[in-house]
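A.B. asks: Model the structure of this input:
(chains A and B)
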Amino acid sequence: DAGITQSPRYKITETGRQVTLMCHQTWSHSYMFWYRQDLGHGLRLIYYSAAADITDKGEVPDGYVVSRSKTENFPLTLESATRSQTSVYFCASTPLSGSSYNEQFFGPGTRLTVL
Amino acid sequence: KQEVTQIPAALSVPEGENLVLNCSFTDSAIYNLQWFRQDPGKGLTSLLLIQSSQREQTSGRLNASLDKSSGRSTLYIAASQPGDSATYLCAVGSFQKLVFGTGTRLLVSP
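C.D. replies: Residues are numbered from 1 along each chain as shown, chains lettered A, B, ... in the order given. Modelled structure (predicted):
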């Protein structure tokens, strides 16, 4: 299906385990983003990527690792999950076009629970 | 650091009312502002994008305005319907990065 997908949609894990959340987009958008959504904090940017092999930190990057070997995929890895990383994670993408700053399109989210 | 505030946090109105949601931001050096809708347990749906050079954007019953100098944006919803019930999020763009407000939860009663 066209668009932006995330997997898994729901994940329960234990403290200390490694978890990878997947994000895939079919539009060939240059930019991709990872956000987390928590009550009282709204959405906060974790990491973003301007193109394949180009990534940069957002507001709350600690405890997360990203990679982008292909334009369409942008996985987010929690190397050693902690309870404070229990959250809903959203992936987003946007095209790069000249000097215009375009709207971001969001995936359906992954609800992660760390026990 | 950019901070985005949305008032009110929650709003309950009867069907048919016109309503205004407010968004304010602390740093006027923005590239754009985007309004989203989020239904419970779902992702974000983009409603309107206003570039920094624009004053307003319209889509159907929705109209969003932007006043950079005062750090404010409003989302106007005309003739509200129960299907408009959702959380509305405002996000301010700095280059390609967005800073979000915490949203306004809207309930439209039949």
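
A.B. asks: Show me what the lowest-mean-pLDDT helix or strand in chain B is packed up against.
C.D. replies: None of the helices or strands of chain B scores lower by mean pLDDT, DSSP states H and E than strand B:97-100, at a mean of 90. Packing partners of strand B:97-100 (3 or more CB pairs under 8 Å, 6 or more residues apart in numbering or on different chains; DSSP states H and E): strand A:31-38, strand A:42-51, strand B:86-94. No exception for glycine: its C-beta is placed from N, CA and C like everyone else's.

A.B. asks: Can you name the element that comes right after that strand?
C.D. replies: Using DSSP states H and E, the helix or strand that follows strand B:97-100 in sequence is strand B:104-109.

A.B. asks: Show me what that next one is packed against.
C.D. replies: strand B:10-14, strand B:19-25, strand B:86-94.

A.B. asks: follow-up on the earlier one: nearest to residue A:5, of the helices and strands packed on strand B:97-100?
C.D. replies: strand A:31-38 (12.4 Å; CB to CB).

A.B. asks: hang on, the earlier thing: highest average neighbour count across the helices and strands packed on strand B:104-109?
C.D. replies: strand B:86-94 (a mean of 23; mean count of other CB atoms under 10 Å in any protein chain shown).

A.B. asks: Can you tell me what sits against that one?
C.D. replies: Strand B:86-94 is contacted from outside by A:42-43, A:101, A:104, B:2, B:4, B:6, B:21, B:23, B:25, B:27, B:29-40, B:44, B:47, B:73, B:75, B:98-101, B:103-106, using CB atoms under 8 Å, 6 or more residues apart in numbering or on different chains.

A.B. asks: Would you mind giving me the ChimeraX syntax to select the buried ones in those?
C.D. replies: If you want just the buried ones from these in ChimeraX, going by 16 or more other CB atoms under 10 Å in any protein chain shown, the selection is:
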select /A:42,43,101,104 /B:2,4,6,21,23,25,30,31,32,33,34,35,36,37,38,44,47,73,75,98,99,100,101,103,104,105,106
